[in-house]
Structure formats: C-alpha cells, structure tokens
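> Sequence plus predicted model, see below.
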Amino acid sequence: MTNKAVETTGTIDAEHHLVLDEPLTVSGPTRVKVIILMPEDADIDEAAWLGAVARNPAFEFLRESAEDVYTVRDGKPFDDQR
C-alpha cells in the first residue's frame, strides 16, 4: 500500500483535539495516518544533554582505552563568556 502525503498546519486545543487551519481536499470518510511535528524547546539543559549522551550505547566505544588519546595538557582552556 502506498501513501500520499498532505502537509498542513493546525493547533491542538485545550481538549487535546487537532484543529486544522484549512480544510483538507480529501474525499471522506477515510482512515488516515497522522504524524504530529511540534517545536521543541530552543535550549536543552546541558546536564540533561550530557546525561543522555552518557547513557547512549552508541558512544560506548569512547570508554575503550584506545580512544583515550588526549590529556589535560593538550589544547588550551576554553571559557565561554557570553
């Protein structure tokens, strides 16, 4: 079964119902699959981000001694003074 994509915008109201901004040009009634894309918070807390990375098995290889190639004497200190 192939799917046809239709992009539109809408709002989720106080009763958790999806209200579309414009009517769809779809003959109905018919079943549809809905994917909701919502904006994320602009800034993720650094501690939360580091915790997620530390628990992610994709980065497990970084715990291997072969990956331990830098020391505290490498590079220069960085202090982000925004």
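Noted; the coordinates are in hand.
> Per-residue pLDDT of the residue nearest the centre of the chain, please?
Among the residues of the chain, the one closest to the centroid is Glu40, at 7.2 Å (CA atoms, centre = their mean). Looking at Glu40, its pLDDT reads 75.
> So it versus His16, what's the distance?
19 Å (CB to CB, to the nearest Å). The C-beta positions use only the backbone N, C-alpha and C, and glycine is treated the same way.
> picking that back up, the residue nearest to the centre of the chain: what secondary structure?
Secondary structure, DSSP: H, G, I helix; E, B strand; the rest coil: Glu40 is coil.
> Can you list phi and psi of the residue of the chain most remote from its centre for me?
Most distant residue from the mean C-alpha position of the chain: Arg73, 35.3 Å away (CA atoms, centre = their mean). Note on Arg73: backbone dihedrals following degrees, to the nearest 10 are phi -80, psi -10.
> Kindly report the same for Glu60.
phi -60, psi -30.
> what's the answer for Ile35, then?
phi -120, psi 120.
> where does it land on pLDDT?
At Ile35, pLDDT is 91.
> Quick one: the strands in the protein, in order.
10-12, 18-20 (DSSP state E).
> wait, which of those is closest to Phe59?
Shortest distance between Phe59 and the strands of the chain, using CB to CB, is found for strand 10-12: 34.3 Å.
> helices or strands next to the closest one in the packing?
strand 18-20 (3 or more CB pairs under 8 Å, 6 or more residues apart in numbering; DSSP states H and E).
> Which strands or helices does the strand it packs on pack on?
strand 10-12.
> Please enumerate residues in contact with the strand it packs on?
18-21, 36 (CB atoms under 8 Å, 6 or more residues apart in numbering).
> mind checking which of the strands of the chain is nearest Glu60?
strand 10-12 (37.4 Å).
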